[in-house]
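> Show me the folded form of this:
(chains A and B)
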Amino acid sequence: MNSSPPSRRSVLRWGAGAAGALAALPALTACGQTVGAARTTRQASTKPGQKVNLTFWTWVPMQKTVDLWNRTHPDIHVQMQTIPASTQGGYQKMYSALSAGNPPDLAQVEYQELPAFMLVNGLTDLSRYGADKLRDSYVRWQWNQGVFGGRVHTIPQASGPMGLFYRQDLLAKWGIETPATWADFERAARVVKARGDGARISAFNPNSPAWFAAMCWQRGSRWVRTQGDTWVVGMNDAPSREVAEYWERMVRDDLVFVEPDMSSAWYRQVQTGRVVSWIGPQWGDALLRGNAPGTKGKWRVSPLPQWKAGQNASANWGGASTAVLQGSRHPREALRFAHWINSDPKAVDLNIAVGYGWPAATGVFRGSALDKPDPFFGGQRYNDVFTASDRAIDTSWKWSPTTDADFAHLGDAFGAAVAGEGSLSSALADAQKRTVDDLLAKGLKARSQS
Amino acid sequence: MSSTNPAGGGPRRTARPDRAAWGFLLPFVALFLFVFVIPLGYAIYESLLKPIRSGSLGLGPATVGFAGLDNYTLALQQSDFLDGFGRVLLFGIVQVPVMLLLATTLALVLDTLSQRWAGILRAAYFLPYGVPGVIASILWGFLYVPGVSPLVDLLGRAGLAPDFLGYHGVLWSIANIVIWEFTGYNMLVIVAQLKSIPQELYEAARIDGASAWQTAVRIKLPLARPALVLTGVFSIIGTLQLFAEPLVIKPLTSTVTSSYTPNLAAYNEAFSNNNIYLAAAESVILALVASVLSFGFLSLVNRKERGAR
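Numbers count the residues shown, from 1 in each chain, chains lettered A, B, ... in the order given. Below you'll find the model as predicted:
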């Protein structure tokens, strides 16, 4: 009986000693260790006639486009592998592959995630393989999302310029003109609430910080800036607070539903005409068409409401690039493929068919599948709205290297706010502070915008 | 060293049985090393590191350097991480007693029933434990979501408007899932302990004229004490490790945050924020708190036991 406590203690002591030894051993070598990618990109030499194999990870069903490439480019075979979308596992998989040293040659990476990939040295410097020459083929701001320190690190794929999808028939029935400003939008919301028999002008989604970021982007906010070597976080700046107060009022006055868009409950309300409009991205057209076929012909698209009448400011929601991950043995061939899949007119048409978004390549819109009157939108050439929207996006917007965490903090705080714990504005202050903490924890220099 | 013991009067101990004992212990020690000591040591090691950045804006090549206790300081400064501890403690204070009370009551009732009925009921109560936590959470999740749930529908018709996924209710909705999952399991442990009580004690009690209630309170409960302590410790550890249930409920409501429990916070730090060093520090803190609480609980009940004698 008495012998058991000492033996347990000695086992514990022994365990602690072993743990200590274990900790000390690699600590000696730790200082030379690199963070992130275990392997760096190096061009492997190929013999003439040798077939190069590339692996491409994406969550967009682009198999048909890849098949076309494989048919037309017998020397370079691309194998497409479908991965979980973005933060649902896709990026985690890429990070693991990078640190294990067996990444795919190419991968789909959203613009907002690129700085985080830079932080783990996950992207190949494509300027070394002649990417700078391709610059003029792409929309400038999207191109710039992949430029770090003057070097090109990714080829842009698509984006999501925003507009206002609305039910023209319902607004006409209630005598509401298409809102041109946010003040109009709020007035329209009050009319819809009064006359709409339970309908609301739209829904506010507390779980979608990317959407909220777009709203602040339009207002002229900069969530992240850089000053010298320091990341400056301004999620709580005056423009963002104004946006937060606007939606705070919309929520408190019960002018909008509070629920996730693109959820089954939301689609039901879209189908039944209880949700009258959606402040959405260009790629939202496919979602409305696919999920509410019964409302065909009743929808229209107009530019985003403005903060001041006569202004022309737009915003972007979503967008991704095709990156050549660090560790590829065929960066030159990978770059050729990345450029082709995002700019070849045939490839773009196939991509549009699977809903990949608004092309990042310039000069592919005219004559493409997007450039047609659409019966779902009552015959409107609705993509003209998005063409204009795309040109009006402030191109200086930057993402932080901790976007996932920023979004998590903001989503958490918004969730509490709509439940009556705090406000959307205080959520911004809270998220800003935490974002600075996250950046510091990553070993970066960071501060709050004063 | 201890093989010659001049003071000891008993049989002389030699090194030989000790070696045999170690032979039997070897599989356990090996497993303990590989699945416990080494991962723990590695987590402690990682928690002491941090990336050292270079280049403009820190986007250049980075190396790993010694962080000291920086990660721990940072973790302890994060209010949402600490809130998570507060939340699971509140959860534990309510959920563990309720669950153990239920388990004990069920065990006592089963113990008095006839063998056949007890067998069937025991299997029925144990059944939820066979359902994985994730599946249980999905199942209950459907019962919580308004518009989908028949439960919410029924209660709504009865004039009640339960908000199972609301800001204040969701923690208890999760507690309900955990109670549903583990009551049967804990009951089984207590039943096993009750079965090992010698029948003579019951006979003696009957001869002394004790009622069923008195037998339960005076004989069964005190003798089932080891099982209660064991299930108590398991439940405390389980509470701190709360993970699958909130993770599954999270998409259904905006009230479950990404750092709702300490485990969830560490998971998000590692896989969403890709900061394994901070995640390691958070995990080590969690392990420390879990061991302090479970050893604290053990010493508390042991002291009481000694005092009672």
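> hey, let's count contacts and neighbours off CA atoms from now on
OK.
> does A:Leu54 belong to a helix or a strand, and which?
Assessed by DSSP states H and E, A:Leu54 sits inside strand A:52-58.
> Buried by neighbour count: which residues of that strand qualify?
Residues of strand A:52-58 classed as buried: A:52, A:54-58 (neighbour count, 16 or more other C-alpha atoms under 10 Å in any protein chain shown).
> Show me what the following helix or strand past that strand is packed against.
Proceeding N to C from strand A:52-58, the next assigned helix or strand is helix A:63-72, under DSSP H and E. Under the contact definition 3 or more C-alpha pairs under 8 Å, 6 or more residues apart in numbering or on different chains; DSSP states H and E, helix A:63-72 sits against strand A:76-82, helix A:331-343, helix A:345-353.
> could these be laid out in a markdown table, adding mean neighbour count and mean pLDDT?
Shown next, in a markdown table, are the helices and strands packed on helix A:63-72 (neighbours: other C-alpha atoms under 10 Å in any protein chain shown; pLDDT from 0 to 100):
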| stretch | mean neighbour count | mean pLDDT |
| --- | --- | --- |
| strand A:76-82 | 18 | 95 |
| helix A:331-343 | 21 | 96 |
| helix A:345-353 | 20 | 90 |
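> Export these as a markdown table, with columns for distance to B:Ala75.
Below are the helices and strands packed on helix A:63-72 laid out as a markdown table (distance: least, C-alpha to C-alpha, whole Å):
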| stretch | distance to B:Ala75 |
| --- | --- |
| strand A:76-82 | 36 |
| helix A:331-343 | 40 |
| helix A:345-353 | 44 |
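> okay, those in a markdown table with distance to chain B next?
Shown next, in a markdown table, are these (distance: least, C-alpha to the nearest C-alpha, whole Å):
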| stretch | distance to chain B |
| --- | --- |
| strand A:76-82 | 20 |
| helix A:331-343 | 19 |
| helix A:345-353 | 28 |
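> Which residue is it, in the stretch 101-250 of chain B, that comes closest to chain A?
Going by C-alpha to the nearest C-alpha, chain A is nearest to B:Tyr167 of the stretch 101-250 of chain B, at 6.2 Å.
> List, one by one, the residues from the stretch 201-350 of chain A near chain B.
By the rule C-alpha under 8 Å from any C-alpha of the partner chain, the part of the stretch 201-350 of chain A lying against chain B is A:206-207, A:226, A:228-231.
> Quick check on those residues: which are buried?
For these, a neighbour count by 16+ other C-alpha under 10 Å gives the buried set as A:206-207, A:230-231.
> Please save the CA atoms from stretch A:180-193 in CSV.
Presented in CSV, the C-alpha positions along stretch A:180-193 are these (Å, rounded to 0.1, in the frame of the first residue of the first chain):
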residue,chain,number,x,y,z
ALA,A,180,-29.5,54.2,-55.8
THR,A,181,-28.1,55.1,-52.4
TRP,A,182,-27.9,53.3,-49.1
ALA,A,183,-30.4,55.9,-47.7
ASP,A,184,-32.8,54.9,-50.5
PHE,A,185,-32.1,51.2,-49.6
GLU,A,186,-33.1,51.9,-46.0
ARG,A,187,-36.2,53.8,-47.0
ALA,A,188,-37.1,50.9,-49.3
ALA,A,189,-36.6,48.5,-46.5
ARG,A,190,-39.1,50.3,-44.3
VAL,A,191,-41.7,50.3,-47.1
VAL,A,192,-41.1,46.5,-47.7
LYS,A,193,-41.6,45.9,-44.0
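> which other residues reach that stretch?
Contact partners of stretch A:180-193, identified using C-alpha atoms under 8 Å, 6 or more residues apart in numbering or on different chains, comprise A:174, A:176-177, A:179, A:199-201, A:250, A:255-256, A:303-309.
> go with 10 Å
Residues from elsewhere that reach stretch A:180-193 (C-alpha atoms under 10 Å, 6 or more residues apart in numbering or on different chains): A:164, A:170-171, A:174-179, A:194, A:196, A:198-202, A:243, A:246-247, A:249-250, A:253-256, A:274-277, A:302-311.
> List the buried residues for it?
Buried positions in stretch A:180-193, judged by neighbour count with 16+ other C-alpha under 10 Å: A:180-186, A:188-193.
> Need the pLDDT of A:Ala16.
Here, the pLDDT recorded for A:Ala16 equals 50.
> what's the answer for the one 3 residues further on, then?
If you check A:Ala19, the pLDDT there is 48.
> what's the answer for the one 3 residues further on, then?
The confidence metric pLDDT takes the value 47 at A:Leu22.
> residue ranges for the helices of the stretch 1-150 of chain B, please.
Under the criterion DSSP state H, counting those that start in this stretch, the stretch 1-150 of chain B contains helices at B:15-32, B:38-47, B:70-77, B:79-112, B:115-130, B:133-144, B:150-157.
> Just the buried residues of the longest one, please?
Read that as helix B:79-112. In helix B:79-112, counting by 16+ other C-alpha under 10 Å, buried: B:80-82, B:84-85, B:87-89, B:91-92, B:95-96, B:99-100, B:102-104, B:106-108, B:110-111.
> Near chain A, list only the ones from those.
For chain A, the contacts drawn from those by C-alpha under 10 Å from any C-alpha of the partner chain are B:Asp80.
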